[in-house]
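[1] here's a sequence, model it:
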Amino acid sequence: MSTTTSETASTTTIIKWFDAPQKHDYPAAQSYLSLTMKPDLVKKIVAALKKAQMTTFKSKDIFRASLLSLLGVSNSHVEKVRAEILGGQEISPLLLYREKATGRLIIADGYHRLCAVYGFDEDAVIPCKIV
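    Numbering: from 1, shown residues only. Got it, this is the predicted structure:
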């Protein structure tokens, strides 16, 4: 387990992370990626993600590279993850894919977790796998 500590003026939130993505994260990534990519490519990406080493990036940098908007805390999935964080539960690292043609970052799995963590600290260091 790894942790990220986010401090605001009045509180400290410790974000606990699993040491590796959970098994169910890979099928979720495959499902998402298959919306815009050919099945053979998706299988290769997911296989590469399974073998990839863990790394870290700041939440604000992941958002900037992905070109995605931040979901607010009113989103039910973000709320659920925030509650897990506040309850001291571990959350799963992100699965990221760097699109070769454009260099754009695709969050294959973990968008809601990223949004929840960013809500605590935009500089939070997030464990992930990237290919």
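
[2] which elements pack onto the biggest helix by length in the chain?
    Criterion DSSP state H: the longest helix present in the chain is helix 39-51. Packing contacts for helix 39-51, counted by 3 or more CB pairs under 8 Å, 6 or more residues apart in numbering; DSSP states H and E, involve helix 25-33, strand 94-98, strand 105-109. In short, each C-beta sits where N, CA and C put it, glycine included.

[3] go through those and name the closest to residue 72.
    Closest approach to residue 72 among the helices and strands packed on helix 39-51 is made by strand 105-109 (16.9 Å; CB to CB).

[4] a markdown table for the helices and strands packed on helix 39-51, including mean neighbour count?
    Listed next are those as a markdown table, based on neighbours: other CB atoms under 10 Å:
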| stretch | mean neighbour count |
| --- | --- |
| helix 25-33 | 18 |
| strand 94-98 | 23 |
| strand 105-109 | 24 |
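
[5] right, so of those, which gets closest to residue 76?
    It's helix 25-33; of the helices and strands packed on helix 39-51, that one is closest to residue 76 (CB to CB) at 16.6 Å.

[6] so how far is the longest helix of the chain off the chain centroid?
    17 Å (CA atoms, centre = their mean, to the nearest Å).

[7] just the buried residues of that helix, please?
    42, 45-46, 49 (16 or more other CB atoms under 10 Å).

[8] in JSON lines: the helices and strands packed on helix 39-51, plus mean pLDDT.
    Shown next, in JSON lines, are the helices and strands packed on helix 39-51 (pLDDT from 0 to 100):
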{"stretch": "helix 25-33", "mean pLDDT": "97"}
{"stretch": "strand 94-98", "mean pLDDT": "98"}
{"stretch": "strand 105-109", "mean pLDDT": "97"}
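
[9] can you list these in a markdown table and add distance to residue 78?
    What follows is the helices and strands packed on helix 39-51, written out as a markdown table (distance: least, CB to CB, whole Å):
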| stretch | distance to residue 78 |
| --- | --- |
| helix 25-33 | 16 |
| strand 94-98 | 14 |
| strand 105-109 | 13 |
